[in-house]
Structures are given as C-alpha cells and as structure tokens.
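J.: coords please:
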Amino acid sequence: MKLKNEQISVGMTPSAGNVEPWRSTVNYMSSSRLHREIRALIGSAIAALIVVGGVTAAIPASANESVGASVATAAKPQLPLHIEGSDIKDSAGDTVVLHGVNWFGMETSTHSPHGLWTRDYKDMLKQIAALGFNTVRVPFSLESLGSSTTSGIDFANGRNAELKGKTPLQVLDAVITEAARLGLLIILDNHSQADDGYMYPLWFGQSGYTEADWIAIWKKLAARYADQQNVIAFDVKNEPHGSASWGTGGPNDWRRAAQAAGNAVLRVNPRMLIVIEGIEAPVAGGMLERHWWGGNLEGVRSHPVRLDLPNRVIYSPHEYGPEVFAQPWFADGNMSTTLAHRWHAGFGYIVNSHTAPVLVGEFGAKDVSTSSVEGRWFRQFADYLSDNSISWTYWAWNPNSGDTGGILKDDWTTVHADKLAVLKSVMAGHHVEFGKSDPVPAPGPDPTPSPTPTTSAVKVQRSITNDWGSGYCASVRITSDSVAPVRWRKAIAVDGSITEIWSAKFSTVKGSPVFSGLAWNNTVQKGSPVEFGYCGLRGS
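T.: As a prediction, the model looks like this:
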C-alpha cells in the first residue's frame, strides 16, 4: 500500500468486465461463529453485572477515547509464539489472533515513523495498545536502515527525547522496546529497498540492491532482535508484483527467494515467524484471473513454501476496495457472492485446510458505511476475518495514507469512530453487518458489435522486462486505432516455450502461440490499450 502525499550496511553494488460467474452463493463461513457469539453474549451479560462500589462500571465506548483511556484487552500472549496447523499459538498453548495496525514512515525519506512531528512515540504506542490492538506492523526500507539520519521528529518540551541523536535503526530499537513494555507485538515489513520505493515490484534491483543484500539485512535484523521476543515475525517483502512469479525457477521466482530469505533468517534466529506474501500474476491451475499486488497465494496449493524448520510460515495477502483500484468485481451485480468466492479461493483455503496461518497484512478504507460499495466491501471483509479468526493488521494507523486515510484523523490523536467500531467487532469475533443486497451497477451503453479484427486494427508492442539467459519475462501491449471495440486475438512469435502467462490466455495454432484476452480485457479500442505478460524458457 502507499503513501500519497547504528546502521546496517551490506556490500551493495552502486550502481472491466466481470469475473467468472458463479451460479449459486456458497457459504464459506466457519462453524466457530455460533460458539463465539454465545461467548460474546455471556461476556456482555457478565459485564453488565459488574458493580464497583455500588455503581455499575462502564468501559468507555467512545471511539474518541483519550490516549490513556483504559479499555478491555485480551490477555497478553506468552512468548515466544509458534505455529500449529493454521493456528498461531503462544508458549502456553493458547491460540493467538493478531489484531494490529500498520504504522508507516520508516520506509520513507524521514526514516522514522510518521506523526512524531506532533506526538511522542510512547504516547502513540500507548494509544494503540489502549484501543485494544495487540500488534504493530512496521514498514521500513533497506535504505533507511543503512542511514545515519532521521527527520520529522519533534523534540520540543522533552517530546521524543529518547530518539534525539539516534540513527533510524536505533529509533526502531526504541519503538520495539516501548512496544514490548506495553505488551505489543511487532512485525517488521521490508516495504521497499529505496526510500519511498513501494511501487517497485521485486526484492532486488532497486537502487543497486541485490538479492544477497536483501537477505544479508534480514540476517542482521534476525541477530539484532534474537532476544527481543515481541519481535515475532519478518514480512520479508511487501507486495511482490509485475514479473514476480511463483515456483517457476529463475531470479524472479518469489517462492524460491522467500525460501532463501526465510531459511537464512531461521539459521540465525530459529524462533522467528516468516511472513510470505503472494504475487500479482496468475499461476498455473489458479481459480482467479486477477489479483492485488502480492495478493495471489494460489500457488501454495501445489507449491507451498518449504523452510528447513517446519511450522514457521505465515501467508499474507493484501485486500483493498474500489477507492484503491476499481477492480471489475466491484461492479459485479453479485458482488458479495463473488467476493466470498475470491477470498476462499485466493487464501481462505490455506486456513480451512489447516496448511498454515494467514495474516492479512493490509486492508483499509475511507468510507466504511453500508451506503457505499467501498463500505460494503470493507464490512463484508471484516465479517470474513471475524468468522474465520484470521489475523490482520489494518492499513493504516496514520491519517496520511492517500487511498484509505487512517484510524487516526488529521490531528494525529482523534480516531475515526466508525472504523474503530467495525474493527472492535472483529476483535470480539462478532458478526459485522454489510447490507442485505448487492449493489446494482449503473447501466452501460448498448453493446456495439465487435468488428472482425484486422492486422491494421490491432497493433502489438512487446518488451523484455527480465532476462536471465535461459529464460525471460516479457510485457505485451495491445493497441488499436479503432474507435469501436475490437475483439483481439493475435499470433505473436515467442522465443522458446511459455511457462507462465497473466492477464491473457493462449492456444497453439500450427505450432505457434495465439494470444487472446480474458473476459474482462478481450476487446481493445483507441485510447484503451490492453496489457499482459508472460515468461518463457529458451531452447525448449
């Protein structure tokens, strides 16, 4: 996700349509809801009977609670954590569900968590804990951890005094230490290599960083926080996308790289949990055509990540609404059914099959009301998380996230009551109401018959995006000069054999591949190009 608006060093080299229709609504809800609702009712009844000095005690219900307000929180887990099937467990054997926030800034040019220009970092963490969250995901850039300077921190009147003169890494130390004192768990997230570089798709190649550099920094963090038990997990790369693949071999194979990084970390710090996100591109045998950046975990079905130490992997998709990008399923007249299928097919199956835990590392929205498509998506997703006891970290704590806003308002202190109310329901395992009927999309223009494509009507531009000798990945752009939609189908010469394709399909005609679009991008017209990509192996 993105923002709008002592050093670690390594030997760095300078240098619209619809989704597949589903005939009936499938209920993927777990049987645990009934038990949680019964417990919730019992808990509410007990709370209503609590009397202090003859007066019923009331826990503050306002979402605009003061920073020091006392709220009911779950018992702190006994560290370290470990994994059993699809559950995260503490050392006492109790199941732990992570309910957290993303507090970003260390991946930007300030090299420090944002908001410290107006508040003390201890005050910020105290509010996070007081509101009932148990986890903070902290994004960082590799460049930040190698720097000696920070900015955007106010030191007036003793504020942030412990951070004065500290390097970014020492600031991170201080945040982690204070979080531990408050019982907050920490997930470190490598958001980018270069500062503000969140849009870069791979874990190497930005600002001269290599895969070896990336792994080396994770090893140093593993050693640095070996005895800091509230640092529970490393999210080794935020949102791999573009040419990142899964299980294909070669330098862009994210599964291979994630295994290499995870094993390197575990050799230094065997207790660490390894958070592994997906990719963007479709995978062979996948059930879904489109995915968010880092959101495709369908490759786990046939090619799960296998680390040298078992039971250390947490898989982590990201999920967003139409304000981030108007994916075609948000205009689907059966949106709620389509979403339920997408979540189950995309990552819910990992939990339901007891393969591994899932942590939704990012999700968030500005409008969480039932009157908007974004709000209905958000509430249905919150209900899905609650029903399946899936861990999550909300994007973002910060108000300065352009697409989603934050839990905090622009004053960096007051919280959005509507957002917090939904998240509190998820923490309690309650049902979240998301509306009774699917939105009806606005009617479009009458369909125009597609003319027969001609060589002059459709043009192809191909560029190699990655090349490692024996194989390569390519990006293809289809354009047309026709003002009317043209259904495109194009023979394109390829070098070797195709091993993976995304956002298109192909068939072999007289020994050569012929490419065509999927349901949502099978026509092209002037000003509306189509893009897809594929990877291939030479000499095969």
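J.: how about the helices in the chain?
T.: Along the chain, the segments classed as helices by DSSP state H run 32-48, 121-130, 142-145, 168-181, 211-224, 254-268, 335-343, 349-352, 373-388, 417-427.
J.: Tell me which of those lies nearest to Gly533.
T.: For Gly533, the closest of the helices of the chain is helix 254-268, at 14.6 Å, according to Cβ to Cβ. (Glycine included, C-beta is placed from N, CA and C.)
J.: Could you export that closest one as PDB, CA atoms only?
T.: Below are the C-alpha coordinates for helix 254-268, written out as PDB (Å, rounded to 0.1, in the frame of the first residue of the first chain):
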ATOM      1  CA  TRP A 254       9.300 -15.300  -5.500                       C
ATOM      2  CA  ARG A 255       8.700 -18.700  -3.800                       C
ATOM      3  CA  ARG A 256      12.400 -19.500  -4.300                       C
ATOM      4  CA  ALA A 257      13.600 -16.200  -3.000                       C
ATOM      5  CA  ALA A 258      11.200 -16.300   0.000                       C
ATOM      6  CA  GLN A 259      12.500 -19.700   0.900                       C
ATOM      7  CA  ALA A 260      16.100 -18.500   0.700                       C
ATOM      8  CA  ALA A 261      15.400 -15.500   2.900                       C
ATOM      9  CA  GLY A 262      13.400 -17.500   5.400                       C
ATOM     10  CA  ASN A 263      16.000 -20.200   5.800                       C
ATOM     11  CA  ALA A 264      18.700 -17.600   6.200                       C
ATOM     12  CA  VAL A 265      16.800 -15.900   9.000                       C
ATOM     13  CA  LEU A 266      16.000 -19.100  10.800                       C
ATOM     14  CA  ARG A 267      19.600 -20.200  10.800                       C
ATOM     15  CA  VAL A 268      20.300 -17.100  12.900                       C
END
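J.: Residues contacting it from elsewhere in the structure, which ones?
T.: With Cβ atoms under 8 Å, 6 or more residues apart in numbering as the test, helix 254-268 has contacts from 203, 211, 214-215, 218-219, 222-223, 226, 234, 236-237, 240, 244-247, 249-251, 272, 274, 276, 278-279, 299, 303, 305-309, 312-313.
J.: And that helix, what's buried?
T.: The neighbour-count check on helix 254-268 (16 or more other Cβ atoms under 10 Å) flags 254-266 as buried.
J.: farthest pair in the residues you listed?
T.: Within these, Trp254 and Leu266 form the most distant pair, 18.1 Å apart (Cβ to Cβ).
J.: Low-confidence stretches in the stretch 201-350 of the chain?
T.: Within the stretch 201-350 of the chain, no range satisfies pLDDT under 70.
J.: which residues in it form strands?
T.: Here the stretch 201-350 of the chain has its strands, by DSSP state E, counting those that start in this stretch, at 231-235, 273-277, 313-316.
J.: which of the helices of the chain sits most buried?
T.: helix 142-145 (a mean of 25; mean count of other Cβ atoms under 10 Å).
J.: So which elements touch that one?
T.: Packed against helix 142-145 by the contact rule (3 or more Cβ pairs under 8 Å, 6 or more residues apart in numbering; DSSP states H and E) you find helix 168-181, helix 211-224.
J.: and of these, who's closest to Gly406?
T.: Set against Gly406 and scored by Cβ to Cβ, these come closest in helix 168-181, at 17.5 Å.
J.: So for the closest one, mean pLDDT?
T.: Across helix 168-181, pLDDT averages out at 99.
J.: same thing with stretch 513-524?
T.: Here the average pLDDT along stretch 513-524 is 80.
J.: end to end, how far does it reach?
T.: Stretch 513-524 has an end-to-end distance of 19 Å (Cα to Cα, to the nearest Å).
J.: Output the helices and strands packed on helix 142-145 in a markdown table; the columns should cover distance to Phe133.
T.: Below are those laid out as a markdown table (distance: least, Cβ to Cβ, whole Å):
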| stretch | distance to Phe133 |
| --- | --- |
| helix 168-181 | 11 |
| helix 211-224 | 23 |
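J.: thinking again about what came up before, now tabulate the strands of the stretch 201-350 of the chain in CSV and tack on distance to Ser480.
T.: Formatted as CSV, the strands of the stretch 201-350 of the chain follow (distance: least, Cβ to Cβ, whole Å):
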stretch, distance to Ser480
strand 231-235, 41
strand 273-277, 35
strand 313-316, 39
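J.: nearest to Ser141, of these?
T.: Distance to Ser141, taken as Cβ to Cβ, is lowest for strand 231-235 among those, at 13.3 Å.
J.: Quick one: distance of the closest one to the chain centre.
T.: Distance of strand 231-235 from the chain centroid (Cα atoms, centre = their mean, to the nearest Å) equals 15 Å.
J.: neighbouring strands for that strand, and are they parallel or not?
T.: Strand 231-235 has the following sheet partners, assigned by DSSP bridges: strand 185-192 (parallel), strand 273-277 (parallel).
J.: neighbours around His191, how many?
T.: Neighbouring residues of His191 were enumerated by other Cβ atoms under 10 Å; the total is 29.
J.: And it, how far from Ile274?
T.: Using Cβ to Cβ, to the nearest Å, His191 is found at 16 Å from Ile274.
J.: Need the per-residue pLDDT for Tyr198.
T.: pLDDT at Tyr198 comes out at 92.
J.: Skipping its backbone neighbours, what lies nearest the residue positioned nearest the centre of the chain in space?
T.: What sits nearest the mean C-alpha location of the chain, by Cα atoms, centre = their mean, is His318, with 2.7 Å. Among residues not flanking His318 along the chain, Glu362 sits closest, at 4.2 Å (Cβ to Cβ, 6 or more residues apart in numbering).
J.: what's the domain layout of the protein?
T.: For the chain, the TED database gives the domain ranges 80-426, 457-535.
J.: In CSV, list these along with distance to Val432.
T.: Output for those, formatted as CSV (distance: least, Cβ to Cβ, whole Å):
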stretch, distance to Val432
domain 80-426, 4
domain 457-535, 29
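J.: Comparing the ones you listed, which comes out most buried?
T.: domain 80-426 (a mean of 20).
J.: on that earlier part again, the helices of the chain: which one's closest to Ala491?
T.: helix 254-268 (30.3 Å).
J.: Check the spacing between the residue lying closest to Ala75 once chain neighbours are set aside and Ile187 real quick.
T.: Nearest residue to Ala75 in three dimensions, chain neighbours excluded: Asp94, at 7.9 Å (Cβ to Cβ, 6+ apart). Distance of Asp94 to Ile187, given as Cβ to Cβ: 19 Å.
J.: For stretch 531-540, which outside residues touch it?
T.: Stretch 531-540 has contacts (Cβ under 8 Å, 6+ apart) with 242-243, 245, 248, 250, 252, 281, 465, 469-478, 494-504, 506, 515, 517, 521.
J.: Alpha carbons of that stretch, in PDB - could you do that?
T.: What follows is stretch 531-540 as a C-alpha-only set of coordinates in PDB (Å, rounded to 0.1, in the frame of the first residue of the first chain):
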ATOM      1  CA  GLU A 531      -1.500  -5.200 -21.400                       C
ATOM      2  CA  PHE A 532      -0.500  -8.700 -20.400                       C
ATOM      3  CA  GLY A 533       2.700 -10.600 -19.700                       C
ATOM      4  CA  TYR A 534       4.300 -14.000 -19.900                       C
ATOM      5  CA  CYS A 535       7.500 -15.800 -19.100                       C
ATOM      6  CA  GLY A 536       9.300 -18.300 -21.200                       C
ATOM      7  CA  LEU A 537      12.300 -20.700 -21.300                       C
ATOM      8  CA  ARG A 538      14.600 -20.700 -24.300                       C
ATOM      9  CA  GLY A 539      15.700 -23.800 -26.200                       C
ATOM     10  CA  SER A 540      12.600 -25.800 -25.100                       C
END
